[in-house]
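Engineer: I'd like to go over a predicted model; first the sequence, then the structure.
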Amino acid sequence: PDETYPFKGLCGSGVAWKLVCATLAVEPPLRARVPEGWEKWLLDMVGLATIADMVPLIGENRVLAAYGLIVLRKSPRLGLQKLCRGMRTDQRSITEDDVGFMIAPRVNAASRMGDAREAFRLFTTVDENEAELLAKKLERANRSRKAEAGAITRSARSRLRERGEVRAVIALGDPQWRPALLGLVAGAIADEYERPVFLWGREGLPAGRQGTGRLKGSARSGGATHIVELMRATEDTFEQFGGHAKAGGFTVRDTEVFFLEDRLVLALRSFGEGGEAQSDTFAMRADAAITPEEIDESFLRNVERLAPFGMSNQKPVFLLRGVVVREVSRFGKGEEHLKLKIGVHDGKENIDAVTFFVKGAVARVANSLARLPAQAGGSRVHLLAHLERDTFN
């Protein structure tokens, strides 16, 4: 679309909502059949999709996401209410993080593990029993997605351990791996090994069709490598590819898949340091420096006024310089999450600093801190952090 296109940059759900509003405006008989302001109640789905699709939260997208969250908190949709109850999430205080990390994965699980229409039915049903059944079905599908993705992750790690030396680009695949799950796994492996990762599987065919599906996969950067530029340098290997600096998807030719990793490694080597395959600097920069003593309810409310956060409107990053770490611990089923207790003066309680699925450089620093002998006052670190309200339990 050119610059005159009226919906440039708008999420697809936003375009659909505008078409609803326009139709009501030009069709008086239709307008007369629905209550005044009825279309505003559709903003819950607009906000959900805008946030879940990870479109830039600027301009109209930001407005639709903000008002969408307001409507989500009041939405009368039975399916949404049942889904929130099953997740133990308070609908009245839904945030963009709840949408991105709790609601969206369950909605996406419908298509990744079965039929996307079940998510549609969940949000449109007016039958309480059906809403309950569909919410539970999506919850089960999400658990199955996690279990299957976990099995693929374990298989990939096992194969990498068997290899011994890990190359500059990791490319692995299995015809039994479900392509729809590989983005999640590739991200985890890329973070762990801090290098580009390409994973592929065999796409299933609808029932009744002969032959085999295409080899499709996902790629994640794992650092500073521009993943699309890397694929472009080996484009003869792919039937299709696309994405952005940090993540992409691809379809690889059956005859070329055996050479995929070799060609990617050679392509990365050809770029060299600071070459074309490097994306913009990945170093995180602080928006402001603060002390632990400044972190209070008033400060947090001011930060929350900048929400909803997302693409192109990232959460502010704060530098806490030379803070004292009183305690280092792990939590979660596999102890994959990290918690630090940060000391505070003025007699206040310690502050919990938490990061989930910790890997790479942060994990190495945390492990070194945990191994240090107890020192008077604890270890001192510089910390980059977001400030968030803790609503767990």
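Structural biologist: Cool, got the structure.

Engineer: dump the residue contacts of Ala366.
Structural biologist: Neighbouring residues of Ala366 by Cβ atoms under 8 Å, 6 or more residues apart in numbering: Val328, Leu338, Leu340, Val358. All C-beta spots, glycine's among them, are computed from the backbone N, C-alpha and C.

Engineer: do that again at 6 Å, thanks
Structural biologist: Neighbouring residues of Ala366 by Cβ atoms under 6 Å, 6 or more residues apart in numbering: Val328, Leu338.

Engineer: Doesn't it lie inside a strand?
Structural biologist: No. Ala366: not assigned to a strand; according to DSSP: H, G, I helix; E, B strand; the rest coil it is helix.

Engineer: ok, which stretches of the stretch 251-393 of the chain are strands?
Structural biologist: In the stretch 251-393 of the chain, the segments counted as strands under DSSP state E, counting those that start in this stretch are 288-290, 318-331, 337-342, 351-355, 379-385.

Engineer: Could you say which of these is packed most deeply?
Structural biologist: strand 337-342 (a mean of 19; mean count of other Cβ atoms under 10 Å).

Engineer: in the stretch 1-150 of the chain, what spans have low per-residue confidence?
Structural biologist: 1-8 (pLDDT under 70).

Engineer: Could you export the strands of the stretch 251-393 of the chain as TSV, including mean pLDDT?
Structural biologist: Output for those, formatted as TSV (pLDDT from 0 to 100):
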stretch	mean pLDDT
strand 288-290	93
strand 318-331	91
strand 337-342	93
strand 351-355	92
strand 379-385	90
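
Engineer: of all those strands, which lies closest to Arg220?
Structural biologist: Closest approach to Arg220 among the strands of the stretch 251-393 of the chain (Cβ to Cβ): strand 351-355, 18.2 Å.

Engineer: about what we covered before: can you redo the strands of the stretch 251-393 of the chain as JSON lines with distance to Ala151?
Structural biologist: Formatted as JSON lines, the strands of the stretch 251-393 of the chain follow (distance: least, Cβ to Cβ, whole Å):
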{"stretch": "strand 288-290", "distance to Ala151": "42"}
{"stretch": "strand 318-331", "distance to Ala151": "23"}
{"stretch": "strand 337-342", "distance to Ala151": "21"}
{"stretch": "strand 351-355", "distance to Ala151": "25"}
{"stretch": "strand 379-385", "distance to Ala151": "33"}
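
Engineer: right, and these - which one's nearest Thr89?
Structural biologist: strand 351-355 (17.9 Å).

Engineer: Just checking: what are the partner strands of the closest one?
Structural biologist: Sheet pairing here is set by DSSP bridges, and for strand 351-355 it gives strand 337-342 (antiparallel).

Engineer: coming back round to it: so which of the strands of the stretch 251-393 of the chain is nearest Phe392?
Structural biologist: Using Cβ to Cβ, these put strand 351-355 closest to Phe392, at 9.4 Å.

Engineer: what sits up against that closest one?
Structural biologist: Pro292, Leu338, Lys339, Leu340, Ile342, Val344.

Engineer: hmm, 10 Å instead?
Structural biologist: With Cβ atoms under 10 Å, 6 or more residues apart in numbering as the test, strand 351-355 has contacts from 292-293, 295, 320, 323, 325-327, 329, 331, 337-344, 362-363, 366, 381, 383, 385-388, 390, 392.

Engineer: count of residues packed around Gly249?
Structural biologist: Other residues lying near Gly249 total 18 when counted by other Cβ atoms under 10 Å.

Engineer: again but with Pro56, I slipped
Structural biologist: 14.

Engineer: Tell me the first helix or strand C-terminal of the helix ranked longest in the chain.
Structural biologist: Counting by DSSP state H, the longest helix found in the chain is helix 128-163. Scanning forward in sequence from helix 128-163 by DSSP states H and E, the next helix or strand is strand 170-173.

Engineer: Strand partners (parallel or antiparallel) of that next one?
Structural biologist: Assessed with DSSP bridges, strand 170-173 is paired to strand 197-202 (parallel).

Engineer: Could you find the closest non-adjacent residue to Leu184?
Structural biologist: Ala149 (5.0 Å; Cβ to Cβ, 6 or more residues apart in numbering).

Engineer: how about the one you found, what does it touch?
Structural biologist: Ala149 is in contact with Arg112, Trp177, Arg178, Ala180, Leu181, Leu182, Gly183, Leu184, Val185, Ala188, counting by Cβ under 10 Å, 6+ apart.

Engineer: Just to check, the last one is in contact with Val358?
Structural biologist: No. Taking contact to mean Cβ atoms under 10 Å, the distance of 11.6 Å between Ala188 and Val358 leaves them out of contact.

Engineer: Overlap in contacts, those two.
Structural biologist: Residues touching both Ala188 and Val358 (Cβ under 10 Å, 6+ apart) are Glu336.

Engineer: Which stretches in the stretch 151-300 of the chain count as helices?
Structural biologist: Assigned by DSSP state H, counting those that start in this stretch, the stretch 151-300 of the chain shows helices spanning 182-193, 227-232, 260-271, 297-304.
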